[in-house]
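Asker: Got a predicted structure here, sequence first:
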Amino acid sequence: MYSFFAMLSRMKYIDRWALMRNSRQENISEHSHEVAVLAHALAVIGNKRLGKHLPAERAALLGLYHDSTEILTGDLPTPVKYRDEQIRRAYKHIEGLAAQSLLERLPEDLRGEYESLFDPQEDEAYLWKLVKAADKLSALIKCMEEEKAGNREFIRAGQGTRKALEEMHLPEVEIFTEEFLPAYALTLDEIGETP
């Protein structure tokens, strides 16, 4: 008996934004779905608008699994995770151990199919950048939603996340931010009135 998929199903029990007062809780399962959708969109934008040849489906898959080690580690808050280089290195090590633990829950003949979802491959460096950008976009969208609900707790997080996205200098993100991000500030009725 193997527990890999049963363990992955537990993503829905790991809440994000633990240090913040949320108007609506978000778990890593929901977040991973959104990151997968956004990573796919960024790759499609890269292909259609910028003449790139990115495997959009692979970007979505990487996005879907990008936080799965948090099943074992929990979602370490950003101010803690990035406080200094020593903590960042230690957390990377812990994430590696968590990934290994998850992979060991698969039969040996299937592990190879999943290893690259946890360990960035050199030839996929740009895809991983898009996944990281999608992760940041998802965080920014969460901040926008919380602010729209009147929760001021997320204002600074939103400003910092927007700045981090700009500093990535990814044209796919710039296009998405200009053409699609503003719609997240709309109400349902307003969304229904736009193309």
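Answerer: It's in.
Asker: Ile141: how many residues sit nearby?
Answerer: 18 (other CB atoms under 10 Å). All C-beta atoms are positioned from the backbone trio N, CA, C, and that covers glycine.
Asker: go on, Glu113?
Answerer: 9.
Asker: what does Glu122 give?
Answerer: 6.
Asker: next one: Leu165
Answerer: Leu165: 21 neighbours (other CB under 10 Å).
Asker: next one: Leu137
Answerer: Counted with other CB under 10 Å, Leu137 comes out at 27.
Asker: measure the residue nearest the centre of the chain to Glu70 for me?
Answerer: The centroid of the chain falls nearest to Asp135 when counting by CA atoms, centre = their mean (2.9 Å). For Asp135, the distance to Glu70 (CB to CB, to the nearest Å) stands at 12 Å.
Asker: Can you tell me the SS state at the residue nearest to the centre of the chain?
Answerer: Following DSSP: H, G, I helix; E, B strand; the rest coil, we place Asp135 in the helix state.
Asker: Hmm, it is touching Leu64, no?
Answerer: No: applying CB atoms under 8 Å, one finds Asp135 not in contact with Leu64, separated by 11.8 Å.
Asker: Now for the two: what residues contact both?
Answerer: Val35 (CB atoms under 8 Å, 6 or more residues apart in numbering).
Asker: Test my guess that Ala133 contacts Ile45.
Answerer: No: with contact defined as CB under 8 Å, Ala133 does not reach Ile45; the gap is 10.9 Å.
Asker: Quick check: closest non-adjacent residue to the residue nearest to the centre of the chain.
Answerer: Val35 (5.3 Å; CB to CB, 6 or more residues apart in numbering).
Asker: One more: Lys142?
Answerer: Glu26 (6.1 Å).
Asker: separation between the one you found and Asp75?
Answerer: In terms of CB to CB, Glu26 sits 10 Å off from Asp75.
Asker: Which residues are in contact with Leu50?
Answerer: Leu50 touches Pro171, Glu172, counting by CB under 8 Å, 6+ apart.
Asker: and with 6 Å instead?
Answerer: Applying CB atoms under 6 Å, 6 or more residues apart in numbering to Leu50 gives the contacts Pro171.
Asker: following the worst-scoring helix or strand of the chain on mean pLDDT, which helix or strand comes up?
Answerer: Across the helices and strands of the chain, mean pLDDT, DSSP states H and E gives its lowest value to helix 78-81, namely a mean of 69. Using DSSP states H and E, the helix or strand that follows helix 78-81 in sequence is helix 85-103.
Asker: hey, C-alpha coordinates of stretch 13-33 in PDB?
Answerer: Extracted C-alpha coordinates of stretch 13-33, given in PDB (Å, rounded to 0.1, in the frame of the first residue of the first chain):
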ATOM      1  CA  TYR A  13      -6.000  21.000   5.600                       C
ATOM      2  CA  ILE A  14      -3.000  23.300   5.400                       C
ATOM      3  CA  ASP A  15      -4.000  27.000   5.700                       C
ATOM      4  CA  ARG A  16      -2.000  29.800   4.200                       C
ATOM      5  CA  TRP A  17      -1.400  33.300   5.700                       C
ATOM      6  CA  ALA A  18      -1.200  31.900   9.200                       C
ATOM      7  CA  LEU A  19       0.000  35.200  10.800                       C
ATOM      8  CA  MET A  20      -2.600  37.300   9.100                       C
ATOM      9  CA  ARG A  21      -6.300  37.900  10.000                       C
ATOM     10  CA  ASN A  22      -8.200  36.600   6.900                       C
ATOM     11  CA  SER A  23     -11.700  37.400   5.900                       C
ATOM     12  CA  ARG A  24     -11.700  34.100   4.100                       C
ATOM     13  CA  GLN A  25      -9.200  31.200   4.800                       C
ATOM     14  CA  GLU A  26      -7.200  29.900   1.900                       C
ATOM     15  CA  ASN A  27      -5.600  26.400   1.900                       C
ATOM     16  CA  ILE A  28      -2.700  25.200  -0.200                       C
ATOM     17  CA  SER A  29      -4.900  23.000  -2.300                       C
ATOM     18  CA  GLU A  30      -6.900  26.000  -3.500                       C
ATOM     19  CA  HIS A  31      -3.700  28.000  -3.800                       C
ATOM     20  CA  SER A  32      -1.900  25.300  -5.900                       C
ATOM     21  CA  HIS A  33      -4.900  25.100  -8.300                       C
END
